[in-house]
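Participant: Attaching a predicted model along with its sequence, questions to come.
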Amino acid sequence: MTFTLRTLTLATAFAGLAGAALADNPMVGGAPMFANKNIIENAVNSKDHTTLVAAVKAAGLVQTLEGKGPFTVFAPTNEAFAKLPAGTVESLLKPENHDKLVKILTCHVLAAKETAAAIESEAMKDGGMVTLDTVGGCKFNAMAKDGKLMIMDGMGDTATVTIADVMQSNGVIHVIDTVLLPAM
């Protein structure tokens with residue numbers, strides 16, 4: 001009886017820890033996002049981010065995004081990639097377009113852990129818009145509009161953060177509805 005009670009107590013404790021790791025994080029792509037896992041460990045479980053994960057693998061950025069960070073990743077969904085002109089994703093995944101793919105993907109990453117509220121607060125201090133300097137060297141503008149965080153890319157297109165503040169052990173993910181592109 002003691003063994004069973006002890007086993008039950010341990011199981012309850014572990015379940016509580018797992019629940020605590022997920023408590024403040026939303027589900028993304030039908031999968032739980034655990035704050036104690038890194039960006040890659042969580043992203044690979046999202047059915048809405050299979051294109052992004054394939055692109056990160058093709059670009060050789062898996063180890064980087066598994067690293068210590070901190071990182072802020074603006075993570076486009078499969079639907080966001082589907083909005084690109086036909087054949088774009090397939091073309092970017094070709095070895096001869098490796099550098100272009102790396103540039104686009106690293107323009108979705110900040111070298112800091114920035115919550116949506118922090119970005120919005122900075123934007124409000126700067127007259128409603130703040131410039132985000134990405135790891136890829138892109139300068140994108142962030143603003144709050146109608147209660148949503150929006151990012152304007154180098155082409156003048158705007159992505160909306162659809163799921164904000166998905167906490168990771170090495171940063172934060174903000175799910176977006178449009179692929180951010182550098183100025184060309």
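Facilitator: That came through, no problem.

Participant: Only C-alpha atoms from now on, for both contacts and neighbour counts.
Facilitator: OK.

Participant: What distance do you get for Thr162 to Lys68?
Facilitator: Going from Thr162 to Lys68 by C-alpha to C-alpha, to the nearest Å gives 25 Å.

Participant: between those two, which one's more packed in?
Facilitator: Thr162 (15 against 12; other C-alpha atoms under 10 Å).

Participant: what about that one, is that helix, strand or coil?
Facilitator: Under the three-state scheme (DSSP: H, G, I helix; E, B strand; the rest coil), Thr162 adopts strand.

Participant: In this structure it contacts Ile176, no?
Facilitator: Yes - checked against C-alpha atoms under 8 Å, the pair Thr162 and Ile176 is within contact range at 5.5 Å.

Participant: show me where this protein has helices.
Facilitator: In the chain, the helices defined using DSSP state H lie at 2-23, 39-43, 50-59, 62-66, 78-82, 88-92, 98-106, 116-125.

Participant: So what sits opposite Val73 in the bridge?
Facilitator: Partner residues in beta bridges with Val73: Val109, Ile173, with DSSP bridges as the criterion.

Participant: so who does the closest residue to Ile104 other than its chain neighbours touch?
Facilitator: The shortest distance from Ile104 to any residue other than its chain neighbours is 6.0 Å, reached at Leu181 (C-alpha to C-alpha, 6 or more residues apart in numbering). With C-alpha atoms under 8 Å, 6 or more residues apart in numbering as the criterion, the residues that contact Leu181 are 104, 107, 153-155.

Participant: how about those in JSON lines, adding pLDDT, distance to Pro76 and neighbour count?
Facilitator: Output for those, formatted as JSON lines (pLDDT from 0 to 100; distance: C-alpha to C-alpha, whole Å; neighbours: other C-alpha atoms under 10 Å):
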{"residue": "Ile104", "pLDDT": "96", "distance to Pro76": "11", "neighbour count": "20"}
{"residue": "Cys107", "pLDDT": "96", "distance to Pro76": "12", "neighbour count": "26"}
{"residue": "Asp153", "pLDDT": "96", "distance to Pro76": "13", "neighbour count": "23"}
{"residue": "Gly154", "pLDDT": "94", "distance to Pro76": "16", "neighbour count": "17"}
{"residue": "Met155", "pLDDT": "93", "distance to Pro76": "16", "neighbour count": "12"}
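
Participant: All set, thanks.
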